[in-house]
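[1] Need a 3D model of the sequence below.
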Amino acid sequence: MYFIILALLVGSAVAAGLTSNAAQQPLTLQLTHHWSSNETIYAALSHHKEFSKLIKAIDFADKIASVLNDTSADITFFAVPDSALRRSHKHHPEFKAIASSAQPYDLVDAVAFVEEFQASKDNKNDRDKKKFKKFLKKLVQAILEYHILPDKFDVERLAGNNTFPTYLVLPEALGSRPLRIRVAHSLVSPVPTINFYSKVVKPDNNASNGVVHVVNHPLLPPPPAFQDLFLAPSIFATFTSAIQRTGLTDLLDLRYRHGRKDEKGTLIGSNTVTVFAPTNHAFEQLPKKLRTFLFSPFGTRILRRLLQYHIVPGVVFHTDYIYNKTSDNFYSSCGHRTFDLFKVGLPGTDMFSFEYRDSCPDLCVAQFRVPLSEGILTEDSPGVFAKDIEHPEPIESFDEELPSALTNYTLHAHVEKFKFSIPIPSPHNSHIITKFNINGHRVIVPDIIGLNGAVHMIEHILDPRGHSHHGQANWEDWEEWLPQWAGEH
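    Got it, this is the predicted structure:
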């Protein structure tokens, strides 16, 4: 069942968010009743007609209603109003059609399916209807779980990390770790954008068991890393074409393959991976003769080796989260298997120290000083570039050696956090910027969420020759060393 859910959930929303202004314009949402902070999230939403469709979906997925109504919880929920759940066309679902479809489904589809199912008077095949209901419950539950964070994060606390774990866990993805969301902030407004396309339009609606942020677009679990890239051809067409050409697709993809007749389907590909994805522009910067050679039959083997150097199998590396499923061959500065900056507890002051102890047998203790009361921005944030920031104050930095898919070759990751102020009147003019370099090259868009890992956008082809060549982007002398290097390795 989870294999089918996995195949139907993933879509192109994150990739679309990179290629265009995919986020809708902020909705003008006026609640008809006063929001009560003394009620549970479920009760508060139930009392507002603006969320009637969402409540219908929550009630249909029994477990979600229990989570949102749990008085002992302290969670975050991204609520989608009815105005963002309208479907442009009618569709009458049939179980076999949905289960075998290659089309991804989001909360808009799920709500429509629930409404049509509940309105259906057709009881001719009660067995099929029960089977479809069970399947539909799983689908709705998985989609809604991706809208829940397991801790309370108001907008100020959301500024503390770039990524956060959700309630959604798919057993075959990310080593059965929770799928994550990406949060970005602008310079002036504290209102965050989730996964590039969903904007928080009414934040910080407190409830007795957490907080609700109203968003203008449903959250859709991201596709696997390869599909994330494939669905953004204006940025990654050359890279994905090269990946397919060299037979490396399964290192980045995770897809469902239906079984024959009565056989169960299986997942094929990689369930844990990090990729540093060069843009089309990165390939265009290579000498023309080198590009022609790499994409010729004579250069395929060398192209494959260069691409392998951009892939880190078995590791999910974000600027605030690391998961390594095979720690035996992975060096980390504190020897950890999992590090999550999210696990810091509530800050007592603006600057505070914390310890994170890993639950694995090899105990890891990491100490950082992170101001969660300030907003973290990345260098892809609108209008933010390192050259525009005067005298940023260093706060924290760390380094990791990441084992690439090219045997015995590692990538050097360096992450720094800086505090800076902008000279404009604003209650939020103090910010944090996260700077991420790989082999000395700036990662221009970090922390793109994938179903099976992390994607980081870079504008240079990484040179595998070693630290002495890190940060250099000159491939003019490639004929002097590349063929020999490929022959030796």
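
[2] what ranges of this structure fall below the confidence cut-off?
    1-33, 87-105, 121-125, 187-190, 259, 327-391, 420-431, 467-473, 489 (pLDDT under 70).

[3] now the helices for the stretch 1-150 of the chain?
    With DSSP state H, counting those that start in this stretch, the ranges of helices along the stretch 1-150 of the chain come out as 2-9, 13-19, 41-46, 52-60, 62-68, 95-99, 107-119, 126-145.

[4] how about the strands in the stretch 201-350 of the chain?
    210-215, 254-257, 266-269, 273-278, 311-313, 315-318, 321-324, 338-340 (DSSP state E, counting those that start in this stretch).

[5] between these, which one is nearest to Arg127?
    strand 254-257 (24.3 Å; CB to CB). Yep, even glycine has a C-beta here, placed from its N, CA and C like the rest.

[6] Only the buried residues of the closest one, if you could.
    For strand 254-257, the neighbour count (16 or more other CB atoms under 10 Å) marks Leu254, Arg255, Tyr256 as buried.

[7] circling back to that earlier point, would you mind saying which of the strands of the stretch 201-350 of the chain lies nearest Thr238?
    Evaluated over these, closeness to Thr238 peaks at strand 273-278, with 7.8 Å, by CB to CB.

[8] Adjacent strands (with direction) for that closest one?
    The pairing partners recorded for strand 273-278 under DSSP bridges are strand 311-313 (antiparallel), strand 453-458 (parallel).

[9] nearest to Leu85, of those?
    That would be strand 453-458 among those, by CB to CB, at 28.3 Å.

[10] Look at Glu479 and tell me its secondary structure.
    Following DSSP: H, G, I helix; E, B strand; the rest coil, the label given to Glu479 is helix.

[11] Break down the stretch 251-400 of the chain into its helices, ranges please.
    280-284, 288-294, 300-308.

[12] possible to save the strands of the stretch 201-350 of the chain as a markdown table with distance to Lys138?
    Putting the strands of the stretch 201-350 of the chain into a markdown table (distance: least, CB to CB, whole Å) gives the following:
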| stretch | distance to Lys138 |
| --- | --- |
| strand 210-215 | 23 |
| strand 254-257 | 14 |
| strand 266-269 | 16 |
| strand 273-278 | 26 |
| strand 311-313 | 29 |
| strand 315-318 | 25 |
| strand 321-324 | 25 |
| strand 338-340 | 27 |
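
[13] which of those is buried the deepest?
    Ranked by mean neighbour count, the strands of the stretch 201-350 of the chain are led by strand 273-278 with a mean of 27 (mean count of other CB atoms under 10 Å).

[14] Next, count neighbours for Pro446.
    Pro446: 27 surrounding residues under other CB atoms under 10 Å.

[15] Look up how far Ile194 lies from it.
    Here Pro446 is placed at a distance of 16 Å from Ile194 (CB to CB, to the nearest Å).

[16] Val443 now?
    Val443 is 20 Å from Ile194, by CB to CB.

[17] just Ala454 next, same as before
    Using CB to CB, Ala454 is found at 16 Å from Ile194.
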